[in-house]
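Peer 1: sharing a model that was predicted from the sequence below.
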Amino acid sequence: MKTPRLLLAAMLLPLSFAAHADKLRLPADAPPAFQAECASCHLAFPPQLLAADDWRRVMASLDKHYGDNASLDEKTRRAIEDFLVRNAGSVRKLGAGKAATGEPPRLTATAWFRRKHHEVPPTDWTHAKVKSPANCVACHTRAEEGSYREREIVMPDGRRWED
Ligand code: HEC
Ligand code: HEC
């Protein structure tokens, strides 16, 4: 029996994100706790942008979370970690989220993230409306919907990335 083409496409989808990196929709198996607990201080970061071991490290140190305390009860923590690990990207494609000493890994520190952003001038990163590369919504106007298309990018000084 031949595998239906659509099914095949669905199976390959997680592998092909790098080719369609402008769409990073929240995976359908996200537990409600992910939005509730991980999107209150910042965007619910796309699980695809960090490798499994790095997500485990982030989730193992929520009490020391980049200067904040983001601790959760064990059941919730576990459900979120399982989800992130299930949907993690490959370390081969992304590189590791090389953390500053004493910090958990960062998706903004992977070789992949740097490569995708190498044309962004330093002054945009330090702009008062941005402050940190982790502030995706400062430039990607539809990041909350998981959309990172070039034509949706508005830089902090108001200029469009793509005309
Ligand atoms: C109490 C606020 C708070 C909560 C809740 C919180 N975070 Fe964070 N998170 C932060 C802060 C602050 C930073 C550092 C942001 C920066 O450097 O601009 C951060 C950074 C991160 C980063 C690194 C971003 C980068 O630079 O690549 C990841 C990954 C992350 N958080 C994941 C999570 C996950 C997963 C959860 C839910 C379990 C969560 N956060 C919940 C405050 C929070
Ligand atoms: C200072 C503005 C700025 C911030 C902050 C920023 N980005 Fe970007 N991002 C850009 C620009 C500009 C590009 C397009 C670069 C290019 O094509 O040369 C881009 C490209 C991307 C792409 C590639 C899209 C594609 O078509 O391949 C992804 C994915 C992405 N960013 C995700 C993120 C995520 C996730 C965050 C937060 C963790 C983030 N960005 C933070 C400006 C920003």
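Peer 2: Ah, there it is. Ligands and ions are numbered 1, 2, ... in the order given.
Peer 1: neighbours of E119, how many?
Peer 2: 7 (other CB atoms under 10 Å). Where you see a C-beta, it was placed from the backbone N, CA and C, and this is true even at glycine.
Peer 1: what's the longest helix belonging to the chain packed up against?
Peer 2: Ranked by number of residues, the top helix in the chain under DSSP state H is helix 74-86. In terms of contacts (3 or more CB pairs under 8 Å, 6 or more residues apart in numbering; DSSP states H and E), helix 74-86 is packed against helix 32-38, helix 52-59.
Peer 1: okay, those in JSON lines with mean pLDDT and mean neighbour count next?
Peer 2: Below are those laid out as JSON lines (pLDDT from 0 to 100; neighbours: other CB atoms under 10 Å):
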{"stretch": "helix 32-38", "mean pLDDT": "97", "mean neighbour count": "16"}
{"stretch": "helix 52-59", "mean pLDDT": "98", "mean neighbour count": "20"}
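Peer 1: turn those into JSON lines, columns for distance to ligand 1.
Peer 2: Formatted as JSON lines, the helices and strands packed on helix 74-86 follow (distance: least, CB to the nearest ligand atom, whole Å):
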{"stretch": "helix 32-38", "distance to ligand 1": "3"}
{"stretch": "helix 52-59", "distance to ligand 1": "5"}
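Peer 1: I'd like to know which of those lies nearest to V137.
Peer 2: V137 lies closest to helix 32-38 among the helices and strands packed on helix 74-86, at 14.5 Å (CB to CB).
Peer 1: which residues sit against that closest one?
Peer 2: The contact list for helix 32-38 (CB atoms under 8 Å, 6 or more residues apart in numbering) reads 26, 44-45, 70, 72, 76, 79-80, 83-84.
Peer 1: ranking helices and strands of the protein by mean pLDDT, which lands last?
Peer 2: helix 5-12 (a mean of 59; mean pLDDT, DSSP states H and E).
Peer 1: okay, domains of this structure per the record?
Peer 2: 29-91, 119-163 (automatic domain parsing).
Peer 1: give me the neighbour count for L107.
Peer 2: 23.
Peer 1: for ligand 2, what are the nearby residues on the chain?
Peer 2: 21-22, 24, 46, 49, 107-108, 116-117, 119-120, 124-125, 130, 133-136, 138-140, 148, 150, 153, 161 (CB under 6 Å from any ligand atom).
Peer 1: isn't D29 up against L84?
Peer 2: No. The criterion here is CB atoms under 8 Å, and D29 misses it with L84 at 10.9 Å.
Peer 1: and the two? which has more neighbours close in?
Peer 2: Between D29 and L84, L84 has the larger neighbour count (other CB under 10 Å), namely 23 against 10.
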